[in-house]
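A.B. asks: Sequence and predicted structure are below.
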Amino acid sequence: MTPADLLNNAKAKGVMLATAESCTGGMLSAAITDIPGSSAVFDRAFVTYTNAAKMQMLDVEQATLDAYGAVSEEVAAQMAAGALRHSDADIAVAITGIAGPGGSQHKPEGRVCFGVAREADISTETIEFGALGRDGVRRAARDHGLALFARALGVF
């Protein structure tokens, strides 16, 4: 689904969107706002690259960061919930991951955790994109974020 298709579907359903991004640094929100008329359905974006930003802007808990690390489904869930709480959006997608280069045995390059919040419903998933290189991982995460919005809208 293209960003334009996503926006048309959101507009038809009267749904506002928000993003909370870490490793993608705003690429998901940029893909959406590149489309003319996106302000009709895109409320805001949170680019929270540091743990401090995640806590200050999205209410991610220090205890969650300490227990699971920034690249975790637990943090992605709190990021998505925080984006929904601090916006006028109906759906929020959060992205946090290891774009590379590097990583570790426990958190390899290409691991990206996603959170989707809609009303009281929060879902998460982890995708292992592999060592695609920094740009490749970030683009793959952006594209998956668009697909998550589409899924939340019931488009596919």
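C.D. replies: Received, thanks.
A.B. asks: Please count neighbours and contacts with C-alpha atoms only from this point.
C.D. replies: Noted.
A.B. asks: So in this structure, which helix runs the longest?
C.D. replies: helix 134-152 (DSSP state H).
A.B. asks: So which bits of it are buried?
C.D. replies: For helix 134-152, burial by neighbour count (16 or more other Cα atoms under 10 Å) applies to 134, 136-150, 152.
A.B. asks: Show me the residue sitting in the middle of this protein in space.
C.D. replies: A94 (2.4 Å; Cα atoms, centre = their mean).
A.B. asks: Wait, a helix at it?
C.D. replies: No: remark: A94 does not belong to a helix; assigned using DSSP: H, G, I helix; E, B strand; the rest coil, it is strand.
A.B. asks: before we move on, back to that, elements contacting the longest helix of the chain?
C.D. replies: Under the contact criterion of 3 or more Cα pairs under 8 Å, 6 or more residues apart in numbering; DSSP states H and E, helix 134-152 touches helix 3-13, helix 27-33, strand 91-97, strand 111-118.
A.B. asks: how far out from the middle of the chain is whichever helix or strand comes after the first one?
C.D. replies: Right, helix 3-13. Downstream of helix 3-13, the next assigned helix or strand under DSSP states H and E is strand 17-21. Strand 17-21 has its C-alpha centroid displaced from the chain centroid by 6 Å (Cα atoms, centre = their mean, to the nearest Å).
A.B. asks: Could you number the chain from 8 rather than 1 from now on?
C.D. replies: Done: numbering now begins at 8, and the last item shifts to strand 24-28.
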